[in-house]
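J.: the amino acid sequence is not available; the structure is as follows:
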């Protein structure tokens, strides 16, 4: 494909997508050019528009086209509850449960020293500023970072930093998932469920 | 994300890529917006440029920015050999071997009745026209479609159609891959290698 600079550039550009290597990028480029040029045009437009329009909500740091996102601007939300999540996808999962009516703070990442992600790279400073503001209505901080090594670390660091400030800090309950049979649940989960029984 | 139309459109647009569902598309959109906006801009440009520039070579039907691709235009190529492949990626694999100096014809697909891909949807008609042209220098047609059910079907259909025309039609050899131990090679391959021994 030495004479085909545009195709080569497209394959290279597609590799900026997470989880896409040379082979996948080639397959994607061939598919778009052969079967779905309108889709490729739409994708190009959507990329440009999203890069122009999407910024971060000044309160909760999630993606938003407005200065303040719809969730933060909703007056029916319980202002005293603040739930910390890693990504907008995690926030969406909590929202879909319908069981939470407080506000969110989206870190847009997690602490991961091995990957070079420190406290300065995620929204920790903004979170602390928001909580410590003199007029802050927040009474309880719910840590809903993932239950992975990085997520647990992030939760631990936030909990430690807020320990002395008289704020109630809670973590999502660990336990047996709904619909599961004990026989097939991993031992760590059962042990946690035993300790945290109520 | 009800208030976030641009993000929603981007997620939808990313789903035109093969093998990308809702979850992957979300992950890609979040990654681009959070970590790689320059990459997203480059991708948008590359998509637009490729859609504008890339068309099909009028001789071999592969992707090309010129009317005739560099391979077809190369006078040092053996004009009497024509190798039929399914995709430009297959062509590239054959080129990398350095063992072939003839020309190519790229079907841009394979016969797959179950997916509704018939003879009219791939470049069969153009292939036959090219071979049957009165001044055609082609003396041997090498069928290099994949060794899958669809690839074999495609090869069979082409071979049948060209049977009466006095053209030599060959197929890539089936046999034991280089570097493999017989013990671990599948039986169908060994059986073929036995029948085609030389």
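T.: Arrived safely. For clarity, every value in this text was computed on a predicted model and none was experimentally measured. Numbering: from 1, shown residues only, chains lettered A, B, ... in the order given.
J.: tell me if residue A:84 really is in a helix.
T.: No: Residue A:84 is assigned strand when assessed by DSSP: H, G, I helix; E, B strand; the rest coil, not a helix.
J.: helix, strand or coil for the residue nearest to it when sequence neighbours are not counted?
T.: With C-beta to C-beta, 6 or more residues apart in numbering or on different chains as the criterion, residue A:84 has its nearest non-adjacent residue at 5.0 Å, and that residue is residue A:105. Just so you know, the C-beta spots here come from the backbone N, C-alpha and C atoms, and that holds for glycine as well. With three-state DSSP as the basis, residue A:105 sits in strand.
J.: I'd say residue A:105 and residue A:82 touch.
T.: Yes: between residue A:105 and residue A:82 there is a contact under C-beta atoms under 8 Å: 5.7 Å.
J.: next, count neighbours for the residue nearest to residue A:84.
T.: 27 (other C-beta atoms under 10 Å in any protein chain shown).
J.: list the residues that contact it.
T.: A:60, A:61, A:82, A:83, A:84, A:85, A:123, A:126, A:127, A:130 (C-beta atoms under 8 Å, 6 or more residues apart in numbering or on different chains).
J.: and if we set it to 10 Å?
T.: For residue A:105, the contact set (C-beta atoms under 10 Å, 6 or more residues apart in numbering or on different chains) comprises A:57, A:59-62, A:72, A:82-85, A:91, A:123-124, A:126-127, A:130-131, A:138, A:141-142, A:144, A:158.
J.: among those residues, which ones are in strands?
T.: A:82, A:83, A:84, A:85, A:141, A:142 (DSSP state E).
J.: between the residues you listed, which is nearest residue B:118?
T.: residue A:85 (49.7 Å; C-beta to C-beta).
J.: run the angle between whichever strand or helix holds residue A:52 and helix B:37-53 for me.
T.: Using DSSP states H and E, residue A:52 sits within helix A:37-53. If you take axes from the mean of the first three to the mean of the last three C-alpha atoms, to 10 degrees, helix A:37-53 sits at 150 degrees to helix B:37-53.
J.: just confirm yes or no for helix A:37-53 near chain B.
T.: Yes: applying C-beta under 10 Å from any C-beta of the partner chain, one finds helix A:37-53 touching chain B at A:37-53.
J.: which residue packs closest to the residue nearest to the spatial centre of chain A, ignoring adjacent ones?
T.: Centrality entry for chain A: nearest residue to the mean C-alpha point is residue A:87, 0.5 Å, by C-alpha atoms, centre = their mean. With C-beta to C-beta, 6+ apart as the criterion, residue A:87 has its nearest non-adjacent residue at 6.3 Å, and that residue is residue B:30.
J.: OK, contacts around that neighbour?
T.: A:18, A:63, A:87, A:88, A:89, A:108, B:7, B:10, B:11.
J.: now residue A:136
T.: A:79, A:80, A:82, A:129, A:130, A:167.
J.: out of those residues, which comes closest to residue A:174?
T.: Out of these, the member with the shortest distance to residue A:174 (by C-beta to C-beta) is residue A:82, at 20.4 Å.
J.: residue contacts, that closest one?
T.: Counting by C-beta under 10 Å, 6+ apart, residue A:82 touches A:60, A:102-105, A:127, A:130-131, A:136-142, A:167.
J.: list buried residues within the residues you listed.
T.: Buried members of these, counted by 16 or more other C-beta atoms under 10 Å in any protein chain shown: A:60, A:102, A:103, A:104, A:105, A:127, A:130, A:131, A:138, A:141, A:142, A:167.
J.: quick check, the first one in contact with residue A:71.
T.: Spelled out, it's residue A:60. Yes: between residue A:60 and residue A:71 there is a contact under C-beta atoms under 10 Å: 6.8 Å.
J.: pull up the overlap in contacts between the two.
T.: A:91, A:103, A:104, A:106.
J.: quick one, phi/psi of residue A:67?
T.: phi -60, psi -40 (degrees, to the nearest 10).
J.: residues contacting the residue nearest to it when sequence neighbours are not counted?
T.: Ranked by C-beta to C-beta, 6+ apart and with sequence neighbours excluded, the top spatial neighbour of residue A:67 is residue A:58, at 5.6 Å. Shown in contact with residue A:58 (C-beta under 10 Å, 6+ apart): A:64, A:66, A:67, A:68, A:69, A:72, A:126.
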